[in-house]
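1. Here is a sequence together with a model predicted from it:
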Amino acid sequence: MSGRDLTGTTIVITGASDGIGAESARVLHARGATVLVTGRSATKLAPIAAAVGSEPLVADFAHLDDVRALAARIAELAPRIDVLMNNAGGMFPVSATTAEGFEPNIGINHLAPFLLTHLLKPQLAADGGALVLNTSSIANLAGRIVVDDVARRQRIDFPAYGTGKLMNIVFTRGIAQRWKDDGIVSAAVHPGPAGTSFGRDSRLVGLLYRTPLKKFGTISVADGAAPLVALAERGADPELNGRYWSRFTADGRENKQARDQRVIDGLWEHSLRLTGLT
């Protein structure tokens, strides 16, 4: 399989039990990387972990204690991380609640990776350079962050999902501004509408992604993983820092809040509080 030789690099991929996370893991492993994979389903994650020769790291991002335990185990396995691919997430019904009481489109899609990334910062900074890659979506255009109430519960699934994906971009900007001197680069990416199990918890999205209708609006899993792989191969490239990619195109369409400094700072500070990092 062609591509950059990644021998000697360590890559952590969340949401790797299926879909673009699993595909990215296989491709990056084939290119020589040591790949650590995480997912919430032990049954689905086991064959992926076996395929890349690593331990299956099971964690449910609806439980922040699982995230803390996951970070501790990753730190034991990998004293240095070259790429952290925050890919876990999905669209969830707004009526659901995480273990800590958060609406899951925010709790799972933003607060869990925010916490994991902070807890793994020593490993990311260990060798003077690492990439944090956050899987976002064009749905960020439908989101809205209320700075003084970032965990507010919304009424409709899709705008709530959009808010979580907007937070992924805003978090990317926060890392770029705050951790640059540690050698940590961050980018966000919309991988495209890959035909995966994404949206399995949403009836609306399930109509497209879990029925024959998906062939009219989705791309293959391999095509969806390709932008993630391409960015991961670039590693801590300063040209990536703080940028949102629409597949392979830099500076994709984004919500105007994504460059609002008050929003960037406010989300960072409130997320620290909500995840117990302060």
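-> Received, thanks. Numbers count the residues shown, from 1 in each chain.
2. And the average pLDDT for whichever helix or strand Gly174 is part of is what?
-> Using DSSP states H and E, the element containing Gly174 is helix 157-178. Per-residue pLDDT over helix 157-178 has a mean of 98.
3. who does that helix touch, helix- and strand-wise?
-> helix 104-106, helix 112-119, strand 130-135, strand 184-190, helix 203-209, strand 243-246, helix 261-274 (3 or more CB pairs under 8 Å, 6 or more residues apart in numbering; DSSP states H and E). Just so you know, the C-beta spots here come from the backbone N, C-alpha and C atoms, and that holds for glycine as well.
4. How about Asn86, nearest residue that isn't a chain neighbour?
-> Nearest non-adjacent residue to Asn86, counting by CB to CB, 6 or more residues apart in numbering: Pro113, 3.9 Å away.
5. residue contacts, the one you found?
-> Thr14, Phe61, Asn86, Ala88, Gly89, Asn134, Asn168, Phe171 (CB atoms under 8 Å, 6 or more residues apart in numbering).
6. Return the distance of it relative to Asn241.
-> Noted for Pro113: a distance of 18 Å to Asn241, by CB to CB, to the nearest Å.
7. out of the contacts of Pro113, which one sits closest to His118?
-> Nearest to His118 among those is Phe171, at 10.3 Å by CB to CB.
8. My understanding was that the closest one contacts His110; is that so?
-> Yes. Assessed by CB atoms under 8 Å, Phe171 is found in contact with His110 at 6.7 Å.
9. is the residue nearest in space to the middle of the chain in a bridge, and if so with what?
-> Against the mean C-alpha coordinate of the chain, by CA atoms, centre = their mean, the closest residue is Asn86 at 2.6 Å. Going by DSSP bridges, Asn86 is paired in beta bridges with Asn134.
10. is it true that it touches Leu131?
-> No. With contact defined as CB under 8 Å, Asn86 does not count as touching Leu131 (10.8 Å).
11. shared neighbours, those two?
-> Counting by CB under 8 Å, 6+ apart, nothing touches both Asn86 and Leu131.
12. wouldn't Gly143 be in contact with Asn168 here?
-> No. The pair Gly143 / Asn168 is not scored as a contact, 9.7 Å apart, by CB under 8 Å.
13. okay, and for the stretch 151-278 of the chain, where does confidence drop off?
-> 195-217 (pLDDT under 70).
14. if you set the cut-off to 50 instead, what comes out?
-> Within the stretch 151-278 of the chain, the stretches with pLDDT under 50 are 199, 207-216.
15. Contacts only, for Asn241.
-> Counted by CB under 8 Å, 6+ apart, Asn241 has contacts Ala176, Lys180, Val185, Ser186, Ala187.
16. Pull out the buried residues from these.
-> Neighbour-count burial (16 or more other CB atoms under 10 Å) applied to those gives Ala176, Val185, Ser186, Ala187.
17. In the sheet, which residues pair with the third one? Tell me.
-> Which is Ser186. Bridge pairing for Ser186 - DSSP bridges - gives Val132.
18. quick revisit: nearest approach to Glu254 belongs to which of the helices and strands packed on helix 157-178?
-> Among those, strand 243-246 comes nearest to Glu254, with 5.2 Å by CB to CB.
19. Distance check, the residue nearest to Asn86 against Pro238.
-> From Pro113 to Pro238 the distance is 22 Å (CB to CB).
20. now swap in Ile81 and tell me
-> Distance from Ile81 to Pro238, by CB to CB: 18 Å.
21. Neighbour count: these two, which is higher?
-> Ile81 (27 against 11; other CB atoms under 10 Å).
22. leaving aside the residues next to it on the chain, what's closest to the more buried one?
-> The nearest residue in space to Ile81 (CB to CB, 6+ apart) is Gln123, at 4.4 Å.
23. Help me confirm that that neighbour is found in a strand?
-> No. Assessed with DSSP: H, G, I helix; E, B strand; the rest coil, Gln123 is helix; it does not lie in a strand.
24. Burial check on it, number of neighbours?
-> For Gln123, the count of nearby residues is 21 (other CB under 10 Å).
25. Touching, it and Ile74? I think so.
-> Yes. Contact status for Gln123 versus Ile74: in contact at 7.2 Å, counting by CB under 8 Å.
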